[in-house]
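A.B. asks: turn this into a model:
(2 chains)
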Amino acid sequence: DAKTTQPNSMESNEEEPVHLPCNHSTISGTDYIHWYRQLPSQGPEYVIHGLTSNVNNRMASLAIAEDRKSSTLILHRATLRDAAVYYCILREGRTPNAGGTSYGKLTFGQGTILTVHP
Amino acid sequence: DGGITQSPKYLFRKEGQNVTLSCEQNLNHDAMYWYRQDPGQGLRLIYYSQIVNDFQKGDIAEGYSVSREKKESFPLTVTSAQKNPTAFYLCASSSGQTNTEAFFGQGTRLTVV
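C.D. replies: Residues are numbered from 1 along each chain as shown, chains lettered A, B, ... in the order given. Take a look at the predicted model:
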């Protein structure tokens, strides 16, 4: 399985941008890069995903390196509600030889604990 | 509302008893997943299913069993063979395609005494 590496923790001040890095040097050509975040005692929630091009949505931006071996989740203006554990995940794009089901296995690493200071 | 539901939120069991955690989704998703999370740790994959009547072991399947008889349901049984069953259990579902998001339930906190 392709794995990801993230810093254990990061800190930011409210209203400032936050750049959360992720390394995935063994990524394969069909793997999508996904980001989720988890608040205490809750299930993770989806943030953003991408394949090759940079992506933007209402929550964040995802910058993907040209060689796809790393990516960065960008929170443009951190708020206190953004304090969470952020997970960078690769969704494997293998397709079995028989049948039509794609194997979107979803494997999590340790994630980055983001602390936001008022 | 469409979503994924885990029940109960808190569960207490005596050591040596099997216990089944419920996970139901009405999102018409093909894929479903079970994870275990210990305090201060990330999510570890227990089992996953890409289609009805089929499931695969994840990284820590020992001591657990699952079934996938219906598309909507993916119950997890924590058996007495699981050495340290006390944990936070999370269920997720997705369309199964790698370019779509997964949706998570709110989790079941299992305590074995």
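
A.B. asks: and the residue of chain B found nearest chain A, how far is that from A:Val116?
C.D. replies: Closest approach between chain B and chain A, counting by C-beta to the nearest C-beta: B:Phe104, at 3.2 Å. Quick note: C-beta positions are derived from backbone N, CA and C, even for glycine. Distance, B:Phe104 to A:Val116, using C-beta to C-beta, to the nearest Å: 22 Å.

A.B. asks: which of those two has more neighbours?
C.D. replies: With neighbours defined as other C-beta atoms under 10 Å in any protein chain shown, B:Phe104 and A:Val116 compare such that B:Phe104 has more, 24 against 20.

A.B. asks: distance check, the closest residue to that one other than its chain neighbours against A:Gly29.
C.D. replies: Closest residue in space to B:Phe104, ignoring its immediate chain neighbours: A:Gly43 at 3.2 Å, by C-beta to C-beta, 6 or more residues apart in numbering or on different chains. Applying C-beta to C-beta, the value for A:Gly43 to A:Gly29 is 30 Å.

A.B. asks: now the most centrally placed residue in chain B: which helix or strand?
C.D. replies: Closest to where the C-alpha atoms of chain B average out (C-alpha atoms, centre = their mean) is B:Trp34, at 3.0 Å. Counting by DSSP states H and E, the element that carries B:Trp34 is strand B:31-37.

A.B. asks: now the helix or strand immediately after that strand in the chain: buried residues?
C.D. replies: For strand B:31-37, the following helix or strand on the C-terminal side (DSSP H and E) is strand B:43-51. Buried residues in strand B:43-51, counted by 16 or more other C-beta atoms under 10 Å in any protein chain shown: B:43-50.
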